[in-house]
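Peer 1: sequence isn't available, so here's the structure alone:
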C-alpha cells in the first residue's frame, strides 16, 4: 500500500471536481484487496457501481470501513477503529470528502506499522 497525504487527497478531489475521488476509490480498494489477499474485492466493479448508482457509495463505505478494520488487525494496530457508522453518517450529510480523509488516515496508520516479527 502507498502512503498518501490526506491533504493532497482532498485537494486533488476538489481540483478535479470529484474525478480523483473515483480514482482514489479504485486505488484504495485495490490496495486493500492485495493487502488482505481477498479476491472478493472488485475495485473496478465497485467504482462503476458508485458512478452508475449513487446510493452504492453507502455500501462501498460500509465494505471499505470493515475491510480497513481487518487490515488494521492484520497490521497489528494497537486499537483498530471501526468508523463504519461515522463514515455513513458523514456521507449522508454530503461530507464524503471527510470520509475519504478518515479512510486514508486509517490506511496510513496500517502502512506505518512495523512489520510483525516472525519466529
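Peer 2: Here it is on my side, so go on. Keep in mind it's a predicted model, so treat the numbers as computed, not measured.

Peer 1: list the buried residues for stretch 10-26?
Peer 2: Residues of stretch 10-26 classed as buried under the neighbour-count rule (16 or more other Cβ atoms under 10 Å) are 10, 12-13, 20-22, 24-26. Glycine gets a C-beta too; all of them are placed from N, C-alpha and C.

Peer 1: could those residues go into a markdown table alongside secondary structure and distance to residue 68?
Peer 2: Output for the buried residues of stretch 10-26, formatted as a markdown table (DSSP: H, G, I helix; E, B strand; the rest coil; distance: Cβ to Cβ, whole Å):
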| residue | secondary structure | distance to residue 68 |
| --- | --- | --- |
| 10 | helix | 18 |
| 12 | helix | 20 |
| 13 | helix | 19 |
| 20 | helix | 20 |
| 21 | helix | 17 |
| 22 | helix | 18 |
| 24 | helix | 14 |
| 25 | helix | 13 |
| 26 | helix | 16 |
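
Peer 1: what residue is smack in the middle of this structure?
Peer 2: residue 103 (4.4 Å; Cα atoms, centre = their mean).

Peer 1: I figured that residue hits residue 66, correct?
Peer 2: No: in terms of Cβ atoms under 8 Å, residue 103 does not count as a neighbour of residue 66; the distance is 11.5 Å.

Peer 1: give me the below-cutoff pLDDT ranges for the protein.
Peer 2: Where the chain drops to pLDDT under 70, the residues are 115-119.

Peer 1: buried residues of stretch 72-85, list them for me.
Peer 2: Residues of stretch 72-85 classed as buried: 72, 75, 77, 80, 83-84 (neighbour count, 16+ other Cβ under 10 Å).

Peer 1: now the end-to-end length of that stretch.
Peer 2: Using Cα to Cα, to the nearest Å, one end of stretch 72-85 lies 17 Å from the other.
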